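Visitor: Sequence and computational prediction follow.
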Amino acid sequence: MQDQPQRSFHDDEIDLVELFHSLFKQKYLILAVAGAVTLVAAAYAFLATPYYQVQSVLRPVDRGSLDELNGTGVYELTPVEALNLVGAGLSSYENRLAFFRGNQQLFAGLIEPGRSLEQTFEEFNRSAFTMLQVDPKKTAGQSEFVGLSLTYPRGVDGVEVVNGLVAFVLDAERARIDADLKVLIANRLFNIEQKIEAARASYEASKETQIASLLEQDALSRAQLQDELQALRAELKTRRQSRIMVLDEAIQIADSLGIKKPTTPSSMSDSQRQGQVVRTEVNSREIPLYFMGSEALRAERDALSARRSDDFVEPRISEIEKELALLSHNRQVEVLEKRENEDLYLKDLAEWRQEAAQLKGIKFDSSQLRLVRLDQQALEPLSAVKPKRALVMVLGLGVGLMLGVFVALLRNIFRPKAKAPGLA
C-alpha cells in the first residue's frame, strides 16, 4: 500500500513523456494543418479588398483673417466659432450627401446594382467617416482642431473625397455666412425703416396735437375776450343810461330853480344882495350837478341819448379788439401746416440715415473669407490600413499551430492504447 503513490506519479511522468512523444510523431500533421491555415490567411491577406485611410486636420485662423467680417458691425465671428461651424458642416449628413450626389465619379467603386444612391451612401457614411476633435478630458496643452478621417476601399478616390468635402463645406459655410450677412443687413435696414415710419407717425400725431392745442387755446382766449367785450359794452350802456337819468333829474331841479347857465351857490346868493361885498368861498364838497344849468345839462343828455356806441369811452375795448384781431390768424398753426419736408424735424433721423447708408455701403466678398487654417491636407496613403498582411499571416500561423496540436491531441485521445507488458 505504501508503494502506490510513487507508482502513480511514475505513471504520470510516463504519460507526459508519451504525450510529447506522440505529438512529435504527428509533427507533419501539425505542420500540415498550420500550413493550411497560414495559406488560407495569406490568401485572405492578399485577395481581400484593401482599405486605406486618409485624414485632413483644420485649426483656427488668426483674428486678422476675420477682421473684415467683424468690421461690418453686423456679423461677429471668432476663430474658434468659425472652426466649430466648419466642424459642424463636416459632420453634417446633409452636406456629405450633397457632396456625394454632386461627385458620384469619386465613389464609382461603391455603386451596386439594385441599391439607391441614398442606401449606398448611408452604408458608406456610417462606416467610413470619423470626426477628429480635441478630447475634452485631455484639453491641457492641446490647441483646438477639427479633422475628418476616411477609411475607404479600393475603387474610391479617398484623397479627393476628403479634400473635396472639406472644400465643399468651406464653400457652403462661406455661402451661408454671406446669406446670413445679407439677411442681417436687410433686417437692420427694415428695422431702421420701421423706426423712421414710427417717428413720422409720432411726429404727425404730435403736430396734430400741437395744432389742436393751439387752436383750442385761441378759441378759449377768443371766447373770453368776447365775453369781456360784451360785459364792458353792457356796463358802458348801463353807465350811460344811469347818467341820462341823473341828468334828467338835474335838469328838472335846474328848471325849478331857474338855472339855465352854469353857476355856483355863492353866485346865486350874491345876485340877491345889494351893495358891494367881498367874500371868499371855500367848498369842501362837490357842487350839485344842477348848478351846471339846464342848457348844459340838456345838451349833455341829448348827446348821450344820440350816442350809438360807447366803445370809445373805454380804452380796454380797443385792446380787446386788437387781441381778437391777432387771434383770428394763428401764425404758428399756419407755419406747422405749411411744413413741406417734415423729415427734417424728426429726432434721430440723421443718425438713422447714417446707419442705413453704412449698411447699404457694406461690400463683403465672402469668397475671400478664410474660416480655418488647413493644418494637414489629405495625401495619397503609402499602404493599406487593412488587412495588415504580415499580422494576418502571423496570426494564421499561430492559429494553425494551435489547431494542428488540437487535432493531434484528438487523434491521440481516440486512438486505442496498447496494453502494457506483464498485464493480462
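Guide: Good, I have the coordinates.

Visitor: just checking, next helix/strand downstream of the longest strand seen in the chain?
Guide: Counting residues, the longest strand found in the chain (DSSP state E) is strand 51-60. Downstream of strand 51-60, the next assigned helix or strand under DSSP states H and E is helix 67-70.

Visitor: Look at S305 and say how many residues are nearby.
Guide: 11 (other C-beta atoms under 10 Å). (C-beta placed from N, C-alpha, C; glycine too.)

Visitor: which residues does it contact?
Guide: Residues counted as contacts of S305 (C-beta atoms under 8 Å, 6 or more residues apart in numbering) are I244.

Visitor: part of a helix, is it?
Guide: Yes - the assignment for S305 is a helix, going by DSSP: H, G, I helix; E, B strand; the rest coil.

Visitor: okay, it: pLDDT?
Guide: Per-residue pLDDT puts S305 at 89.

Visitor: sorry, back to before: the longest strand of the chain - contacts with which helices or strands?
Guide: Applying 3 or more C-beta pairs under 8 Å, 6 or more residues apart in numbering; DSSP states H and E, we find strand 51-60 packed against helix 79-91, strand 146-153, helix 158-257, strand 372-376.

Visitor: wait, which of those is closest to F20?
Guide: strand 146-153 (45.9 Å; C-beta to C-beta).

Visitor: List the strands paired with the closest one, with their directions.
Guide: Sheet pairing of strand 146-153 (DSSP bridges) gives strand 51-60 (antiparallel), strand 129-133 (antiparallel).

Visitor: roughly how far out does that strand sit from the chain middle?
Guide: A distance of 37 Å separates the centroid of the chain from that of strand 146-153, by C-alpha atoms, centre = their mean, to the nearest Å.

Visitor: can you check stretch 168-180 too?
Guide: That offset, for stretch 168-180, works out to 20 Å (C-alpha atoms, centre = their mean).

Visitor: Any chance you could list what contacts it?
Guide: Outside stretch 168-180, the residues touching it (C-beta under 8 Å, 6+ apart) are 69, 75, 77, 85-86, 89-90, 92, 95, 98-99, 102, 364, 366-367, 369, 371-372.

Visitor: mind running it again at 6 Å?
Guide: Residues from elsewhere that reach stretch 168-180 (C-beta atoms under 6 Å, 6 or more residues apart in numbering): 85-86, 89-90, 95, 99, 366, 369, 371.

Visitor: Can you verify my assumption that G400 contacts A34?
Guide: Yes - the pair G400 / A34 is scored as a contact, 3.3 Å apart, by C-beta atoms under 6 Å.

Visitor: Run through the residues that contact L181.
Guide: Taking C-beta under 6 Å, 6+ apart as the test, what L181 contacts is Y75.

Visitor: Would you mark the buried spots in stretch 74-84?
Guide: Applying a neighbour-count criterion of 16 or more other C-beta atoms under 10 Å, one finds 74-75, 79, 82-83 buried in stretch 74-84.

Visitor: same question for that stretch, mean pLDDT?
Guide: 90.

Visitor: Please give the centre-to-centre distance between it and its chain.
Guide: In terms of C-alpha atoms, centre = their mean, the centre of stretch 74-84 is found 16 Å from the chain centre.

Visitor: What's the end-to-end length of that stretch?
Guide: One end of stretch 74-84 to the other measures 20 Å (C-alpha to C-alpha, to the nearest Å).

Visitor: Which positions in the longest strand of the chain come out as buried?
Guide: 51-60.

Visitor: Cool, thanks, signing off.
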